[in-house]
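> Provided below for reference: sequence and predicted model.
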Amino acid sequence: MKLFLLIFFLLSFSIFITNAYSISIIDNSDSHSFKMTDLIQIKGQVNEKLYENKIAVEIFSPSGYSSLSRMVEVHPDGHFELLFYANYTHGRFSPDGSGIYDILGTVLTKDGPITLPITSIKLDLEPTIKQNSTNTNSEGGGCLIASATYDTEMAPQIQFLREIRDNKIMNTESGAFFIEKFNKFYYSFSPSVADYQRENPIFKEMIKIGIAPMISSLHVMSFANSNEEVMIYGIIVILINIGTYFIFPTLLIFKLKPLVTKLSKNYINF
């Protein structure tokens, strides 16, 4: 009997926690049906206070492919807004055909991240050919390695990476071209690395330490506001990372090599 009461209490508590947070739609561009090139406007209201004023919005195609993943600011009164075009635009939204697209939102509460349904929209589109088949999993378009490193899509580091990608790099032609080419390379190995991180905590910590300088260097991109500035600051970021990951370790090895040799000789003579 006590066991039954305990199970009932836990189930009731979990249901209460989940239902304490909900997302309602204020307006959806006066329609739930869209065609190619239509501008889609999603306005929502988070009905409870959040731990952080962000909501991770993700759109899933009829085949389960993640077509868009965006971090959106939630205003003090709880409302948020997301704008995007129905067709493939600078890599931001990549639909894979006509049908019903489900929109989910993940919010970070004091009890942890909670994913809730926002709405569904109908798209009448011509199917597009996806550039890389590895993007067809539920995490396609996301930062797979960073997500596995920090355990949640709501981590500040991942929010920062998405904001830089969506609000700075993807707003320019050169940035969009770079991301398109980079994704082909990145998604060729990132799913395997992310899976291994989840299985090996030590490897995950090594990755966390390893990518920290790279994430810090990307703060430079915050100053980029034009196509030319994205190219200039992008080159600066590349040079910083070359220095951090290649030049500095090489110089350190050459600097320490005589010391190691000397210590080895002293140890042998001793």
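That came through, no problem.

> what about the helices in this structure?
When secondary structure is read from DSSP state H, the chain shows helices at 2-19, 144-150, 156-167, 173-186, 190-199, 201-217, 227-242, 248-269.

> where does K168 sit relative to R162, distance-wise?
In this view, K168 and R162 are 11 Å apart by CB to CB, to the nearest Å. All C-beta atoms are positioned from the backbone trio N, CA, C, and that covers glycine.

> which residues of the stretch 101-250 of the chain score low on pLDDT?
125-142, 153-154 (pLDDT under 70).

> Recalculate using a threshold of 50.
The stretch 101-250 of the chain contains residues with pLDDT under 50 at 127-140.

> Deepest in the core, which of the helices of the chain is it.
A comparison of the helices of the chain by mean neighbour count, using mean count of other CB atoms under 10 Å, puts helix 144-150 on top with a mean of 21.

> Which other helices and strands does that one contact?
Taking 3 or more CB pairs under 8 Å, 6 or more residues apart in numbering; DSSP states H and E as contact, the helices and strands that helix 144-150 lies on are helix 156-167, helix 190-199, helix 201-217.

> Indicate which one of the ones you listed is closest to K54.
Evaluated with CB to CB, the helices and strands packed on helix 144-150 place helix 156-167 nearest to K54, the distance being 6.1 Å.

> quick one, the closest one and helix 227-242 angle?
Relative orientation of helix 156-167 versus helix 227-242 (axes from the mean of the first three to the mean of the last three CA atoms, to 10 degrees): 150 degrees.

> who touches helix 156-167?
Helix 156-167 is contacted from outside by 54, 69-71, 92, 143, 146-147, 150, 152, 179, 215, 218, 221-222, using CB atoms under 8 Å, 6 or more residues apart in numbering.

> one more time with 10 Å
Outside helix 156-167, the residues within contact range by CB atoms under 10 Å, 6 or more residues apart in numbering are 52, 54, 56, 68-73, 90-92, 108, 142-143, 146-147, 149-153, 155, 170-171, 175, 179, 208, 211-212, 214-216, 218-222, 224, 237.

> Can you spell out the domain ranges of the protein, please?
Structural domains annotated on the chain: 24-130, 137-270, as defined by automatic domain parsing.

> TSV for the helices of the chain, including distance to V46?
Putting the helices of the chain into TSV (distance: least, CB to CB, whole Å) gives the following:
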stretch	distance to V46
helix 2-19	14
helix 144-150	22
helix 156-167	16
helix 173-186	29
helix 190-199	29
helix 201-217	27
helix 227-242	32
helix 248-269	44
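
> List just the one of these that sits closest to F34.
helix 156-167 (20.4 Å).

> wait, S63 sits on S98?
No - under the criterion of CB atoms under 10 Å, S63 makes no contact with S98, lying 11.4 Å away.

> ok, these two, which is more surrounded?
Just comparing S63 and S98: by other CB atoms under 10 Å the higher neighbour count belongs to S98, 16 against 10.

> mind checking how far that one is from I59?
The span separating S98 from I59 equals 14 Å under the rule CB to CB.

> again with E81
With distances defined as CB to CB, the gap from E81 to I59 amounts to 15 Å.

> which of those two has more neighbours?
Between E81 and I59, I59 has the larger neighbour count (other CB under 10 Å), namely 26 against 14.
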